[in-house]
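In: curious how this folds, go ahead:
(one chain, ligands or ions: 3)
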Amino acid sequence: MAPGVLVDDNLSSRDGLALEDTSDKIDAINVLKGQQKDDIYEKSKFDAEKDKTTFRQYEDACDGVKAFYREQHIKQTVAYNLKARNKFLHFRKREEMTIWEAMEKLNTLIDESDPDTSLSQIQHLLQSAEAIRKDGKPRWMQLTGLIHDLGKLLFFFGSEGQWDVVGDTFPVGCAFEEDKIVLSSSFSENPDKKDPIYSTRDGIYEAGCGLDNVMLSWGHDEYLYHIVKDQSTLPDEALAMIRYHSFYPWHREGAYTHFMNEKDKRMLDAVLAFNPYDLYSKSDGLPNTEELKPYYLELIDEYFPQKVVKW
Ligand SMILES: O[C@H]1[C@H](O)[C@@H](O)[C@H](O)[C@@H](O)[C@H]1O
Ligand SMILES: [Fe+2]
Ligand SMILES: [Fe+2]
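Out: Ligands and ions are numbered 1, 2, ... in the order given. Below is the predicted model:
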């Protein structure tokens, strides 16, 4: 095992940015860190009228969704995770695109893991952002809604399929908490389940080590988290909303809490504040992309000052 890989990927965080970037950018980050944080925890008015029992019904899902999770739960291993990190975060020649161009590129992907929407990704992103905006949440959170699934671009950058792009996430390198993970029966065929270390509760980690140090199954959350951490001025809460939004075993089912540290307790609140806008906005009306575009272009520029993103 190479713990250095983990530390490099996850802990460089704001330090890297602070060392390399302009003082304007650092000022912007510091201002953001202190402001507009509490507004996000105020109980959401948005999901009060939703019938939550109709979402995430995996046992009743179509065969495609079941086949997706079967494949994902067999193939997400520590070995694959390390390989994917190297490939997608370190070795690839990155494409340059603005956020809006990325949204348009992603638009042809229909997510095979999702039992709740068959809308295109741009519509899902705008639905999430609009729900956050209508609920009066801060601008940085609206932008987080707009971009949170852009990591699915991995599908066009040489992923092995959808199993390493979409779907819920869970840690690798320690025992799978199968009763807290959807459609988990195929974990029995995951080779890591027989590994003498990876099959233990703490595996390659330590209790209380902090989720920053835990490798989550590879997919759109982790990939986008790194891009946004390195190339935007969005605050830590936004980074957590992105990195953990598919980590339902943790934020909804209470699994893997033994790895949490103090920071994770705060981040969990942020992720929970974000979740309704991601999940329950899927039943909202269709957003008018052209009408909304000018508002969001301005918002993107506010937090991605260099405009073009290296994907
Ligand atoms: O099917 C969905 C979809 O892929 C989402 O983007 C992801 O965040 C969810 O966790 C997942 O269950
Ligand atoms: Fe997602
Ligand atoms: Fe989403």
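In: now Leu106: closest residue in space, sequence neighbours ignored.
Out: Gln121 (4.5 Å; Cβ to Cβ, 6 or more residues apart in numbering). From N, CA and C alone the C-beta is placed, and that goes for glycine too.
In: I figured the one you found was touching His148, is that so?
Out: No - taking Cβ atoms under 8 Å as the definition, Gln121 is not a contact partner of His148, at 10.6 Å.
In: which of those two has more neighbours?
Out: His148 (27 against 22; other Cβ atoms under 10 Å).
In: next up, the contacts around the more buried one.
Out: 125, 128, 224, 241-242, 245, 274, 278 (Cβ atoms under 8 Å, 6 or more residues apart in numbering).
In: do that again at 7 Å, thanks
Out: 128, 241-242, 245, 278 (Cβ atoms under 7 Å, 6 or more residues apart in numbering).
In: again, but for Ser120
Out: Ser120 neighbours (Cβ under 7 Å, 6+ apart): Asn107.
In: does Gly210 touch Lys265 like I think?
Out: No - the criterion here is Cβ atoms under 7 Å, and Gly210 misses it with Lys265 at 10.5 Å.
In: higher neighbour count, the two?
Out: Gly210 (17 against 10).
In: and the gap between the more buried one and Asp269?
Out: 16 Å (Cβ to Cβ, to the nearest Å).
In: same check on Tyr58?
Out: Note on Tyr58: its distance to Asp269, by Cβ to Cβ, is 26 Å.
In: what pLDDT does the residue nearest to Arg252 when sequence neighbours are not counted get?
Out: Nearest in space to Arg252, with sequence neighbours left out and distances taken as Cβ to Cβ, 6+ apart, is Asn275 at 7.6 Å. On the pLDDT scale, Asn275 is placed at 97.
In: hmm, back to that, from the contacts of His148, list the ones also adjacent to ligand 3.
Out: Among the contacts of His148, proximity to ligand 3 is found for Asp278 (Cβ under 5 Å from the ion).
In: could you export the contacts of His148 as CSV, including pLDDT?
Out: Output for the contacts of His148, formatted as CSV (pLDDT from 0 to 100):
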residue, pLDDT
Ser128, 97
Met241, 98
Ile242, 98
His245, 98
Asp278, 96
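In: which one of the contacts of His148 is nearest to ligand 3?
Out: Nearest to ligand 3 among the contacts of His148 is Asp278, at 4.4 Å by Cβ to the ion.
In: sticking with that closest one, tell me its helix or strand.
Out: Taking DSSP states H and E as the criterion, the element that holds Asp278 is helix 262-279.
In: which one in this structure is furthest away from the centre?
Out: Pro196 (29.3 Å; Cα atoms, centre = their mean).
In: ok, the residue of the stretch 101-250 of the chain found nearest ligand 3 - contacts?
Out: Nearest to ligand 3, among the residues of the stretch 101-250 of the chain, is Asp149, at 4.4 Å (Cβ to the ion). The contact partners of Asp149, by Cβ under 7 Å, 6+ apart, come to 121, 124-125, 220.
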